[in-house]
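# Dropping a prediction and its sequence here:
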Amino acid sequence: MKFQKNIPLKEFNTFGMDVNCDLFYNISSVKEVLLVLNSEEYKKNKHLILSGGSNLLFTSNFKGLILKNNIKGIEIISEEEDYIYLKVGAGENWHDFVLWTIKKGLSGLENMSLIPGNVGTSPIQNIGAYGVEVKDVITEVSGVYLEEIKEFTLNNKECNFDYRDSIFKNNLKNKTIITKVTFKLSKNAQHNTKYGAISEELKDLGLEVSTENISKAVIRIRERKLPNPAEIGNSGSFFKNPIISTTQFTELQQSHPNIVGYPSDNKNTKVSAGWLIDQCGWKGYREKDAGVHKNQALVLVNYGNATGGEIISLSQKIQSSVNDKFGVQIHPEVNIIG
């Protein structure tokens with residue numbers, strides 16, 4: 001095993017934070033995971049498991065060992081009449097995997113096209129977009145318990161999925177490394193176009209509803225609204241959409257009739273954090289090189305030389321203003337590392 005020393009992490013985080021780590025190891029197999037966890041370098045150092053680097057914000061150099069999860073592979077493990085089961089390496093790029101499934105005629109992931117990051121991050125965050133969440137298609141998550149150095153497989157129920165949440169962000173936070181994720185995808189198209197933006201985009205493009213066309217529409221919407229991390233550092237949506245009681249939402253509608261929200265369940269409503277932030281006047285705001293994107297208020301950006309601390313400071317000002325104006329608390333979706 002070869003551990004690299006004093007490695008720059010700028011290319012490994014989509015926010016483009018210019019920080020270093022003391023030690024770095026690129027993991028490409030489950031066998032390597034087990035070897036690294038038994039090494040002296042791992043035992044003697046603080047560690048962080050890095051996937052696509054798309055959902056975190058470094059606020060300082062990392063004094064410890066970075067384990068880059070680069071486990072690849074897409075394997076068909078079983079088939080049914082209407083469904084196919086795929087076991088996918090945690091290091092596979094998420095969007096590339098989505099496009100692979102579409103080319104194979106499979107449905108279930110198209111609404112989540114162009115979400116940044118890797119497959120291994122998807123269950124941690126329970127990623128989702130346009131009315132679809134990855135929990136709806138995950139059957140199992142496999143990995144290794146870091147302390148016991150023991151392999152595990154959790155079924156969907158055991159993952160405790162919730163909105164942008166899972167057991168991996170709670171009871172098992174920083175206690176596992178995910179190695180494989182198993183998906184159950186449909187051979188027959190089961191489209192979800194309940195979010196009006198998709199239907200409108202398809203109409204503008206002159207396209208009928210299909211798995212491939214929904215993906216095209218989502219990609220077009222995201223490219224129009226969201227900055228490319230290769231051009232402007234960002235982690236996509238910085239804040240989660242808050243879930244409030246439907247009673248509170250109804251009260252807010254009295255003074256803010258255009259407030260954007262969707263039913264979460266019988267008693268609660270999910271409110272658009274982007275709308276809340278935009279109404280507070282933050283869209284396009286810039287403070288040194290930390291800013292709010294001009295087209296999407298939900299996205300905080302690094303225009304080049306912003307520090308993690310400056311991004312955090314800006315996010316806290318936004319949180320305060322939203323709470324002051326609407327009485328609604330919004331919380332970061334990204335993981336803060338520092």
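Right, received. Where do you want to start?

# Show me the strands in the stretch 101-250 of the chain, by range?
128-129, 132-133, 138-145, 150-155, 176-186, 233-234, 243-245 (DSSP state E, counting those that start in this stretch).

# Run through the neighbouring helices and strands of the fourth one.
Counting contacts by 3 or more C-beta pairs under 8 Å, 6 or more residues apart in numbering; DSSP states H and E, the secondary-structure elements packed against strand 150-155 are strand 138-145. The way it works is simple: take the backbone N, C-alpha and C, and place the C-beta from them, glycine included.

# tell me what the strand it packs on is packed against?
helix 30-37, helix 122-125, strand 150-155, strand 176-186.

# What residues sit buried inside the last one?
Put plainly, it is strand 176-186. For strand 176-186, the buried set under the neighbour-count rule, 16 or more other C-beta atoms under 10 Å, comprises 176-185.

# just to revisit the earlier point, and the helices and strands packed on strand 138-145: which comes nearest L57?
helix 122-125 (14.0 Å; C-beta to C-beta).

# Return the distance of the closest one from the chain's centre.
In terms of C-alpha atoms, centre = their mean, to the nearest Å, the centre of helix 122-125 is set 7 Å apart from its chain centre.

# and if you look at stretch 179-196?
17 Å.

# So what would you say the end-to-end distance of it is?
From its first residue to its last, stretch 179-196 covers 36 Å (C-alpha to C-alpha, to the nearest Å).

# Mind pulling up the pLDDT for Y195?
Looking at Y195, its pLDDT is 75.

# Oh, that last question was meant for K184, not what I typed.
On pLDDT, K184 comes in at 98.

# And for K294?
On the pLDDT scale, K294 gets 94.

# Let me know whether it touches K283 as I believe.
Yes: using C-beta atoms under 8 Å, K294 is in contact with K283, at 6.5 Å.

# higher neighbour count, those two?
Legend: neighbour count by other C-beta atoms under 10 Å for K294 and K283, higher for K283 (18 against 13).

# contacting residues around that one?
Residues near K283 by C-beta atoms under 8 Å, 6 or more residues apart in numbering: 277, 292-297.

# Now, of those, which are buried?
Using 16+ other C-beta under 10 Å, the buried ones in the contacts of K283 are 277, 292-293, 296-297.

# Which two among those residues are spaced furthest apart?
Pairwise across these, and taking C-beta to C-beta, the largest span is found between I277 and H293, at 10.5 Å.

# Show me which residues of the helix or strand of the chain with the lowest mean pLDDT are buried.
Least confident element among the helices and strands of the chain, by mean pLDDT, DSSP states H and E: helix 196-205 (a mean of 90). Residues of helix 196-205 classed as buried under the neighbour-count rule (16+ other C-beta under 10 Å) are 198, 201-202.
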